[in-house]
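S.K.: structure of the sequence below:
(one chain, ligands or ions: 1)
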Amino acid sequence: MEELLKEIKNIVIAGKHKEIVTFVEKAIQQGINLDDMINNALISAMDVVGQRFANAEIFVPEMLVSAMTMKKGLEIIKPLLKEQESQSKGKVILCTVKGDLHDIGKNLVAMMLEGAGFEVMDLGVDSTVESVIAKVKELQPDVLGLSALLTTTMPEMENVIKELKAQEIREQVKVMIGGAPVSADFAKKIGADAYGEDAAEAVALARKLIGN
Ligand code: B1M
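M.R.: Residues are numbered from 1 along each chain as shown. Okay, the predicted model is just below:
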């Protein structure tokens, strides 16, 4: 099992997107714990990729192929995470904020929330303040989840919260934020309701925020 997880991790690091499906399916057949596969193979691979990028050992194209490989692996796991839930636990709008194209973490949060029975509306990446506010008004979610991976796009989270206040709808929705550069202190500073460190915590917090 350990060997197979290591192999999956190396496949993502090397961006071997043609091989990932076979290996993830093999791991599922062997009964590998899905959380282990997500955390100890797929996510930890992206940590290595990020480190290598920061050290200028690899560049954007390599990072992109690794991301694509990870996404392919996650797509196979996604249906298995869904619980047999018929009634929605609550409505969540998710997006990556304006200027930011990173979506793997957000997608993982969406998958875990759906798996836990939430109805998730994913607005995608590079979401402008205006588009987020319009969707909040239209869909009236219980929770608005904002993701940012760049220090330069973190201020967009505060802009969304300011606009919710300006439009007098801040009290109607709980705001949860997350992403590698974001912290609990930052969440407090900008007036968010919660900060999720990872996808599992995001689910626990969504439940808490909604009160179920
Ligand atoms: Co980019 N990138 N990237 N990148 N990239 C980082 C973020 C970086 C840290 C790499 C580095 O330098 N070490 C760095 C940011 C530096 C900074 O701001 N301080 C960086 C940079 C600089 C850039 C570009 C500027 C590079 C360039 O063009 N010169 C560029 C920016 C593009 C843009 O967005 N405008 C860029 C581009 C890209 C790719 C497109 C190539 C690709 C993204 C592909 C995609 O997402 N579709 C990419 C990738 C893959 C990364 C790294 C390597 C991996 C990110 C990732 O997917 N991690 C990343 C380095 C790193 O983070 N180690 C890096 C795995 C994912 C599961 O984790 O997203 O953290 P994460 O999500 C976690 C938690 O954070 C949390 O739960 C998730 C699951 O546990 N979470 C939430 C996330 N959102 C949440 C929301 C919640 C709650 C929890 O509630 C709503």
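
S.K.: when you work out contacts or count neighbours from here on, use the C-alpha atoms and nothing else.
M.R.: OK.

S.K.: give me the pLDDT for the closest residue to M63 other than its chain neighbours.
M.R.: Residue nearest to M63 in three dimensions, not counting chain neighbours: V49, with 6.5 Å by CA to CA, 6 or more residues apart in numbering. Reported pLDDT at V49 in the predicted model: 91.

S.K.: how far out from the middle of the chain is the helix or strand hosting V49?
M.R.: For V49, the enclosing helix or strand under DSSP states H and E is helix 44-54. The chain centroid and the centroid of helix 44-54 are separated by 17 Å, computed with CA atoms, centre = their mean, to the nearest Å.

S.K.: ok, residues contacting it?
M.R.: Residues outside helix 44-54 that contact it (CA atoms under 8 Å, 6 or more residues apart in numbering): 9-10, 12-13, 58-60, 63, 66-67.

S.K.: make it 7 Å
M.R.: The contact list for helix 44-54, computed with CA atoms under 7 Å, 6 or more residues apart in numbering, reads 9, 12-13, 58-59, 63.

S.K.: that one vs the ligand: in contact?
M.R.: Yes. Contact of helix 44-54 with the ligand (CA under 6 Å from any ligand atom) involves 46-47, 49-51, 53-54.

S.K.: name the helices or strands packed onto the lengthiest helix in the chain?
M.R.: In the chain, assigned by DSSP state H, the helix with the most residues is helix 60-81. In terms of contacts (3 or more CA pairs under 7 Å, 6 or more residues apart in numbering; DSSP states H and E), helix 60-81 is packed against helix 2-14, helix 20-29, helix 104-115.
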